[in-house]
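Asks: Below is the sequence, then the predicted model.
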Amino acid sequence: MKVVALGAGGMGRYSARTAATFDFVDEIVVGDLDEAAARRLADSLGGKGRAVRVDVTDETSLARAFDGAGAVLNTVGPFFRLGPPVLRAAIRAGCHYLDINDDWESTEAMLAMDEDARKAGVTAVIGMGASPGMSNLLAVLAMRELDEVDEVYPGFDLDAAMPEVRGPKPCAASVHGVHQLTGKIRVYDGGRLVDEPPLRRVDFDYPGLGRCTAYTMGHPEAITFPRFRPELRRCLVLMTMAKSNLLVMRPLARLVDSGLVSVERAAGWIEWAEGVGKPVKTPDDYLRDLVHDGVRTLPPLFAVVRGRRQKRAETVAAAVLSAPAVGMGGATGVPLAVGLAVVRPDGDVPRGVFAPESIVDAGAFFDRIAPLCSPQKKDRSDLVAVSRSWESTTLRMKLREMGLSA
């Protein structure tokens, strides 16, 4: 299969390098506006790489890049601006598509292309990164423990999602973050989609850990899960961050909402304040804090699901104990490539536009990504910690049993 890897940056390089290890991938065309960066990445792909200059805002440029390709791995954002036109170009080219789309607006726009994709024989998986992506599949594993599901809370630590390298302008991930923490976001509450300000405080029980607090953020999971499980009454995407960062984010959001500061400028300030380029904590670092009695924190990537089991109200949570490489680049780019290997859109699979929970086999995904994590894990049983409200074992005890020590 010939694969087009759009984007040679922080996420794209991990995605392309992972895809290059797959036997079914014969060639990877690295496309980027910066042709030199594309060439450097292509040269590192063990003879499978070829570089081209691609302007994702230009239909002709995209058409040339997609010609003859079997699949596209798209890491070029922000997706609320660039996601829909790239998917549209892939559908026109009859090319399968996967991305790391993390904006709810573009998710709605891209799901609306489902019929066009089916008619073109194209399979598109949108939001196949860390969150969305792994968070969706964690929720699927948790849902399997319950007979009925009412509420889903995918969540992540926003401080762990900072880019590793600071460039001359803020990266797409930082722009996305500010965009989805300002203005209005779309959530699913009371059995319907609701537009409301972000940063709503949500208190909830995490099985085996106790009462926790997080805050709402705009994200695709709130749009896609009600389609996957129509019986849901609530789906909120939750994020955590250090209290000091939350104190900074609230007034900054007001400045953006008032029009005094642009989203891009606010994103640049946050990257500067956060010290982008500092050593990034790994999931292992975060989880070691959980082992200490009395420390109240959440895993860096998790999903909490509430519903019924044997007619009793119960809650299940799932969290990853490791992630690919260090930082957001690997944790987002590697799952994208693994999604391609698990779905194999060149085979006999459904056609259309899908969120991960609707087409990716969660167990197969975690089995496949476990050995690619750092620290390395054996399979899903070694990578994912599932805690249940009907168990007496605390999450700290479970983590210790899985070999995680303080």
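Replies: Alright, I've got the coordinates.
Asks: From here on, just use CA atoms for contacts and neighbour counts.
Replies: Fine.
Asks: after the helix or strand bottoming out on mean pLDDT in the chain comes which helix or strand?
Replies: Lowest mean confidence among the helices and strands of the chain (mean pLDDT, DSSP states H and E): helix 283-291, at a mean of 63. Using DSSP states H and E, the helix or strand that follows helix 283-291 in sequence is strand 301-309.
Asks: neighbouring strands for that next one, and are they parallel or not?
Replies: Strand pairing for strand 301-309, determined by DSSP bridges: strand 148-157 (antiparallel), strand 312-320 (antiparallel).
Asks: and the chain, what are its domains?
Replies: As given by automatic domain parsing, the domain ranges for the chain are 2-129+327-362, 134-320.
Asks: Please identify which of those domains is closest to Trp390.
Replies: Nearest to Trp390 among the domains of the chain is domain 134-320; the distance by CA to CA comes to 7.1 Å.
Asks: can you give me how far that closest one is from the chain middle?
Replies: Its chain's average C-alpha position is 11 Å from that of domain 134-320, according to CA atoms, centre = their mean, to the nearest Å.
Asks: And stretch 175-186, end to end?
Replies: Distance across stretch 175-186, first residue to last, is 18 Å (CA to CA, to the nearest Å).
Asks: now what about that stretch, what contacts it?
Replies: With CA atoms under 8 Å, 6 or more residues apart in numbering as the test, stretch 175-186 has contacts from 78-80, 102-104, 193-199, 217-219, 222-223, 253-254, 256-257, 263-264, 266-267.
Asks: and with 7 Å instead?
Replies: Residues from elsewhere that reach stretch 175-186, judged by CA atoms under 7 Å, 6 or more residues apart in numbering: 78, 193-199, 217-218, 253, 256-257, 263-264, 267.
Asks: What of stretch 302-309?
Replies: Residues outside stretch 302-309 that contact it (CA under 7 Å, 6+ apart) are 135, 138-139, 142-143, 146-156, 206, 313-320.
Asks: just stretch 201-216 next, same as before
Replies: The contact list for stretch 201-216, computed with CA under 7 Å, 6+ apart, reads 198-200, 236-240, 304, 315-317, 387-389, 393-395.
Asks: 6 Å instead?
Replies: Applying CA atoms under 6 Å, 6 or more residues apart in numbering, the contact partners of stretch 201-216 are Pro198, Leu199, Arg200, Val237, Leu238, Met239, Thr240, Ser387, Arg388, Ser389, Thr394, Leu395.
Asks: Among those residues, which are located in strands?
Replies: With DSSP state E as the criterion, strands contain Leu238, Met239, Thr240, Ser387, Arg388 from among those.
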